[in-house]
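[1] Pasting the sequence and the predicted model now:
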Amino acid sequence: MKKQKLQQQEFEIRIELNGASKTIKISPNETTDGVEFFNCNINDINITQIRKEKDGDWEQIWGKLDPHTVNVIGAAITAKIG
């Protein structure tokens, strides 16, 4: 099975975060071994890095967000890029 090509374009998602609507800038990237992850920024401040695991769950690589928020961000990324 061919691996999906990394989407290099930055994009924005909008989610509810701590009771307020926030725009998060998403910057796709990949590790040296080809695993895709996403830098997530609000107002040019990196709030987290997340990746989608093989089982479909979203995991936080770096940051202090709760699992629910990580999954909300992940679902918005999936909705945006498919």
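    Okay, I see it. Residues are numbered from 1 along each chain as shown.
[2] so what secondary structure elements neighbour the strand ranked longest in the chain?
    Counting by DSSP state E, the longest strand found in the chain is strand 20-30. Strand 20-30 sits against strand 11-17, strand 36-42, helix 67-81, with contacts defined as 3 or more CB pairs under 8 Å, 6 or more residues apart in numbering; DSSP states H and E. Every C-beta, even on glycine, is put in place using the N, C-alpha and C of the backbone.
[3] Dig out what Glu12 forms beta bridges with.
    Applying DSSP bridges to Glu12 gives these bridge partners: Lys25.
[4] That one: how many residues sit nearby?
    11 (other CB atoms under 10 Å).
[5] okay, it: pLDDT?
    pLDDT for Glu12: 97.
[6] My guess is it contacts Lys22. True?
    No. Applying CB atoms under 8 Å as the test, Glu12 and Lys22 come out as separate, 10.2 Å apart.
[7] Could you measure from the closest residue to Ala76 other than its chain neighbours over to Thr23?
    Of all residues not flanking Ala76 in the chain, Ile13 sits nearest, at 4.0 Å (CB to CB, 6 or more residues apart in numbering). Separation of Ile13 from Thr23 (CB to CB, to the nearest Å) stands at 7 Å.
[8] repeat for Gln60
    19 Å.
[9] Compare the two (neighbour count), which wins?
    Higher neighbour count among Gln60 and Thr23: Gln60, with 19 against 12, using other CB under 10 Å.
[10] Contact partners for that one?
    Gln60 makes contact with Thr48, Gln49, Ile50, Pro67, Val70, according to CB atoms under 8 Å, 6 or more residues apart in numbering.
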